[in-house]
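# Here's my sequence, what's the structure:
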Amino acid sequence: MWAELLRLPALFTVPGDALAGAAAAGVRPGPRTLLAIGSSVCLYEAGMALNDWADRAEDAVERPHRPLPSGRIRPAAALTAAGALTGAGLALAAGAGRPALAVAVPLAATVWAYDLALKHTPAGPAAMATARGLDLLLGAAATGGGTRAALPSAALLGSHTLAVTAVSRRETTGGSALAPLAALATTGVLTRLVTHRRTRPPAGRRAAAAPGLPGSSPAEGTPSRAAGALATALGAAYAATAARPYVHAALNPSPPLTQRAVGGGIRATIPLQAALAARSGATATALLVAALAPAGRMFARRAGMRKVSIT
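Purely as a prediction, here's the structure:
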């Protein structure tokens, strides 16, 4: 029941944020990256628990099978878990350094603001997109101490999240073809950008790749032809994962197909993160992130939780 409350299959979309952030900053992942991933996981799960606590009255009508309205988990326990996970996330970010904590604090504030105040307002999708972008910047700040080089990647990931969240607002009612069509268009634009935009590595990676300096390697040093080909392949995987359910939801915007579109958008986050890493020249990191997709599907099948949601 806690696995259902915390949306554990969707948790596989979280580590890629920090890894893509480190790649965009031009720094190899290290121990501080792991702390950033731990912080991201805790803050993400805090948001899931808080989401169901805040929506418990609405879910009693629209989703009575969920853990809180069905009585399997007490509301007080969910709220306590949200608070504890937030504290743990901030503590892990502090362990990664002040720059990471400086990103984690507004990230935690955005998560709580979304669930408690912004979710059902026009600002809801933008708040969710901001949280995803900040999560990527958290990885950059923890690993390399700076976030400027990672801003473009954060914007691309945030745009994807904005589109998915807009579709998710009609999960239970359906009836809107506009949101899936907009998400489909966004997917096309993002696919083009992640496969064609970056031609030079970040400054940190250019320095690391200089002849004779430690850390230079063909795999992680420059955006080689292999990295470009990998970014193209991962971009195609991203488009294939997201586009088909969006098309189905646009043609028939029923609740079941809208829910499938949201699930497809969530799953597409992983190949997008991997494509962003490859776009920065970090081929090994990109492959590591891409491996999270089959792992997540396997976990979902074994746990009997094939449906994922962000609402």
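
# is it true that H248 touches Q259?
No. Applying CB atoms under 8 Å, one finds H248 not in contact with Q259, separated by 11.0 Å. C-beta here means a position set from N, CA and C on the backbone, and glycine is covered the same way.

# So which of those two has more stuff around it?
Q259 (22 against 18; other CB atoms under 10 Å).

# I'd like the distance between that one and D52.
16 Å (CB to CB, to the nearest Å).

# Also R192?
Counting by CB to CB - R192 and D52 are separated by 37 Å.

# More neighbours: these two, which one.
D52 (26 against 12).

# which residue sits closest to that one in space, ignoring its chain neighbours?
Of all residues not flanking D52 in the chain, L68 sits nearest, at 5.2 Å (CB to CB, 6 or more residues apart in numbering).

# Angles on the backbone of that neighbour, please.
Main-chain torsions, L68, degrees, to the nearest 10: phi -70, psi -50.

# if I pick it, what's in contact with it?
By CB atoms under 8 Å, 6 or more residues apart in numbering, the contact list for L68 reads L5, D52, W53, R56, D59, R74, P75, A78.

# rerun that using 7 Å as the cut-off
For L68, the contacting residues are D52, W53, R56, D59, P75, A78, by CB atoms under 7 Å, 6 or more residues apart in numbering.

# Could I have the PyMOL command that selects the buried members from these?
In PyMOL syntax, the buried subset of the contacts of L68 is picked out as below (16 or more other CB atoms under 10 Å):
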select buried, resi 52+53+56+59+78
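
# next one: phi and psi at T121?
Torsion angles, degrees, to the nearest 10, at T121: phi -110, psi 170.

# And for R72?
Residue torsions, per degrees, to the nearest 10, at R72 are phi -80, psi -30.

# Renumber starting at 56 from here on
I'll keep to 56 as the first residue from here, and by that count the last item is R127.

# And L156, how far from L193?
For L156 relative to L193 (CB to CB), the value is 9 Å.

# Look at those two and report which has more neighbours.
Taking neighbours as other CB under 10 Å, L156 and L193 compare with L193 leading, 34 against 19.

# which residue sits closest to that one in space, ignoring its chain neighbours?
That would be V158: by CB to CB, 6+ apart, it lies 4.6 Å from L193.

# Am I right that the one you found is in contact with L189?
Yes. Look at V158 against L189 with CB atoms under 7 Å: they come within range, at 5.9 Å.

# ok, which stretches of the stretch 156-305 of the chain are helices?
179-199, 206-223, 233-251, 258-263, 273-276, 280-306 (DSSP state H, counting those that start in this stretch).

# Cool, thanks, talk later.
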